[in-house]
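Chemist: Build me a structure from this.
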Amino acid sequence: MPTAVITAIGCDEGGWRRVLGLSAVDTESYDSWLGFLRSIKDRGVQLVTSDAHKGPVRAIEEVFQGVSWQRCVVHLMRDCMRKAGSRQLKRRIGRILSPVFRTKDAATAQAMYHVACDMLRDCCPKAAVVAEEAEPDALAYPRFPPSHWKCLRTNNVQERANREINRRSRVVQVFPSEESLEPWSGP
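Modeler: Prediction:
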């Protein structure tokens, strides 16, 4: 039976990334995320970064009440670019949003985000709506130390870990049990 492997990777005080948990689930649904997140709840989570899929976001809100949620800025930019009709407009949207998330100052990031939304309104109003609605979730990471921003603003490290799991699992074709995944998970 096909399964999905879901993972949680954390960033500690020193900026080091650690695997917080790994689980094999039937589907990436609200219920599977809810059970998984409950299993890592006591790991000192202060911020959760994910894409904006409804199932995981709902489970995050339920399990980690009072914890900030950061919408992955790479996925946000892709969501905005999907609203564009042409490749040229997609590239323009990317060039407008990208500098916002590279700034080193929280106040500057927020000011640049507003300017970017104004620019998007002129060239692609649908993308501007997506960006405007996402502002509180897209700018949660600046509340943390600047040295951690790169780790916190995207879930790219998570995506890379998932690709590595996929690459390695293609070699063995199938895992005989959930327990056979344990060597892959962290402490």
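Chemist: ok, and the closest non-adjacent residue to the residue most central in space within the chain?
Modeler: When Cα atoms, centre = their mean is applied to the chain, the residue found nearest the centroid is S50 (2.6 Å). Closest residue to S50 apart from its sequence neighbours, by Cβ to Cβ, 6 or more residues apart in numbering: P56 at 5.2 Å. Where C-beta positions appear, they are placed from N, C-alpha and C, glycine not excepted.
Chemist: Which other helices and strands does the helix or strand where A116 lies contact?
Modeler: In the assignment (DSSP states H and E), A116 maps to helix 106-123. Under the contact criterion of 3 or more Cβ pairs under 8 Å, 6 or more residues apart in numbering; DSSP states H and E, helix 106-123 touches helix 87-97, helix 125-138.
Chemist: How confident was the prediction at the residue nearest to the centre of the chain?
Modeler: We have a pLDDT of 85 for S50.
Chemist: Test my guess that V130 contacts H75.
Modeler: No. Using Cβ atoms under 8 Å, V130 is not in contact with H75, being 10.9 Å away.
Chemist: pLDDT weak spots in this structure?
Modeler: Scanning the chain for pLDDT under 70 picks out 1-3, 156-158, 160-162, 165-166, 168-187.
Chemist: Sketch out the strands for it, chain order is fine.
Modeler: For the chain, the strands defined by DSSP state E cover 4-11, 17-25, 47-50, 68-71.
Chemist: Show me what the second one pairs with in its sheet, parallel or antiparallel.
Modeler: If I follow you right, that is strand 17-25. strand 4-11 (antiparallel) (DSSP bridges).
Chemist: what about dumping the CA coordinates of the partner strand to PDB?
Modeler: Listed next in PDB are the C-alpha coordinates belonging to strand 4-11 (Å, rounded to 0.1, in the frame of the first residue of the first chain):
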ATOM      1  CA  ALA A   4       3.600   9.200   2.500                       C
ATOM      2  CA  VAL A   5       6.500  10.000   4.700                       C
ATOM      3  CA  ILE A   6       6.100  13.200   6.700                       C
ATOM      4  CA  THR A   7       9.000  14.800   8.500                       C
ATOM      5  CA  ALA A   8       9.600  17.700  10.900                       C
ATOM      6  CA  ILE A   9      12.900  19.400  11.000                       C
ATOM      7  CA  GLY A  10      13.800  22.000  13.600                       C
ATOM      8  CA  CYS A  11      16.400  24.700  14.000                       C
END
